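Student: Okay, here's the prediction I keep looking at, along with the sequence it came from:
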Amino acid sequence: MVRDGREGSIEVITGVMFSGKSEELLRRVRRAMIARRTVQVFKSQLDDRYGGIQTISSHDGREIEARPVSSSRDVAEFVDSDTEVVAVDEVQFMDSGILEVANDLANQGVRVIVSGTDMDFRGLPFGPIGSLLAIAEKIDKLHAICVVCGDLATRNQRLIDGRPAPAEGPTIQVGGLESYEARCRAHHLVPSSLDDQMPLISDREG
């Protein structure tokens, strides 16, 4: 059933960490609220940084209430029948079922907005993001600034004691400035083991 005759859609906000993805999702949610749309906001319960488990918070301190979910099934279950806009933050932590949920909602006339990191710390597609990009009507890829050279950052550099983390580490490790940096392709480093960890940035030429 299409809601109020509106055509549904899927929007993906993606890119590197610290690029403003959550800020952009919050901006779109607030504009939908100003337009008097019925909005529901969800976030992965894995992400409890900044404002806590029941809010979406950007790095600049803005926040909005969100319902924590553990799976795509939760999103489908908790969306009300009169909701016109559904937003999901940190969608890279969701299971692959989020594709079907997003498509079903869009087919019902719901505007679906998701945001998430497109690559893991190894530089590989993160969770369902790649597939969501394929089915989306609108895609915005945001960039941060490489902390090493100042160019556009497109990679997430995971750090352990200030040094690049090895490739065999866990894919999901929630963290902020203490665990990650934004870097460009040239300065993104993923050693094969702890023994091969690269030196600190300050110990080598940028």
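Tutor: Sure thing, it's come through. Small disclaimer: the values here were computed from a predicted structure and weren't measured.

Student: Mind listing what's buried along the strand or helix carrying Leu25?
Tutor: Element membership of Leu25 [criterion: DSSP states H and E] is helix 21-34. Using 16 or more other CB atoms under 10 Å as the test for burial, helix 21-34 gives Lys21, Ser22, Glu23, Glu24, Leu25, Leu26, Arg28, Val29, Ala32. No exception for glycine: its C-beta is placed from N, CA and C like everyone else's.

Student: Which of those sits closest to Pro164?
Tutor: Lys21 (22.7 Å; CB to CB).

Student: Assumed His75 was part of a helix.
Tutor: One correction, residue 75 is Val, not His. Yes. Under DSSP: H, G, I helix; E, B strand; the rest coil, Val75 sits within a helix.

Student: so who does it touch?
Tutor: Phe42, Val69, Val86, Val88, Met94, Ile98, Val101 (CB atoms under 8 Å, 6 or more residues apart in numbering).

Student: Can you flag which of the residues you listed belong to helices?
Tutor: Ile98, Val101 (DSSP state H).

Student: Pick out the most distant pair among the contacts of Val75.
Tutor: Val86 and Met94 (12.7 Å).

Student: For the residue nearest to the spatial centre of the chain, pull up the helix or strand it's in.
Tutor: In the chain, the C-alpha nearest the mean C-alpha coordinate belongs to Gly116, at 1.4 Å (CA atoms, centre = their mean). Taking DSSP H and E as the definition, Gly116 sits inside strand 111-117.

Student: Only alpha carbons, please: show that strand as PDB.
Tutor: C-alpha atoms of strand 111-117 as PDB (Å, rounded to 0.1, in the frame of the first residue of the first chain):
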ATOM      1  CA  ARG A 111      11.300   7.800   2.100                       C
ATOM      2  CA  VAL A 112      14.100   5.700   3.500                       C
ATOM      3  CA  ILE A 113      17.400   7.500   4.500                       C
ATOM      4  CA  VAL A 114      20.400   5.400   5.700                       C
ATOM      5  CA  SER A 115      23.900   6.500   6.600                       C
ATOM      6  CA  GLY A 116      27.000   4.500   7.200                       C
ATOM      7  CA  THR A 117      30.600   3.900   6.600                       C
END
